[in-house]
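In: sequence isn't available, so here's the structure alone:
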């Protein structure tokens, strides 16, 4: 099982998933995450939640 959080960068935007290992976050928290486009600021909209390994596309 892998723990994930869902983050949105814009209100009407898509949800992106990240590994919160080492951090305590809750829904509604603001986070800074590293993405393919660089460092971005978003809001946690899901999580933390545990999912099976086969439900995750790496890297998180």
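Out: Happy to help now that I have it. Note that this is a predicted model, so its numbers are computed, not measured.

In: what does the longest strand along the chain contact?
Out: Scanning the chain for the strand with the most residues, using DSSP state E, yields strand 38-51. If you take CB atoms under 8 Å, 6 or more residues apart in numbering as the criterion, strand 38-51 is touched by 1-9, 15-16, 20, 25-34. For every residue, glycine as well, the C-beta is placed using N, CA and C.

In: which of those count as buried?
Out: 4-7, 16, 20, 29, 33 (16 or more other CB atoms under 10 Å).

In: dump the residues you listed into TSV; add distance to residue 45 as well.
Out: Shown next, in TSV, are the buried ones among the contacts of strand 38-51 (distance: CB to CB, whole Å):
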residue	distance to residue 45
4	12
5	9
6	5
7	7
16	10
20	13
29	10
33	13
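
In: what is the nearest of the residues you listed to residue 53?
Out: The closest of the buried ones among the contacts of strand 38-51 to residue 53 turns out to be residue 4 (CB to CB; 11.3 Å).

In: quick one: residues contacting the closest residue to the closest one other than its chain neighbours.
Out: In space, and not counting its chain neighbours, residue 4 is closest to residue 17: 4.8 Å by CB to CB, 6 or more residues apart in numbering. Contacts for residue 17 (CB under 8 Å, 6+ apart) come out as 4-7, 56, 60.
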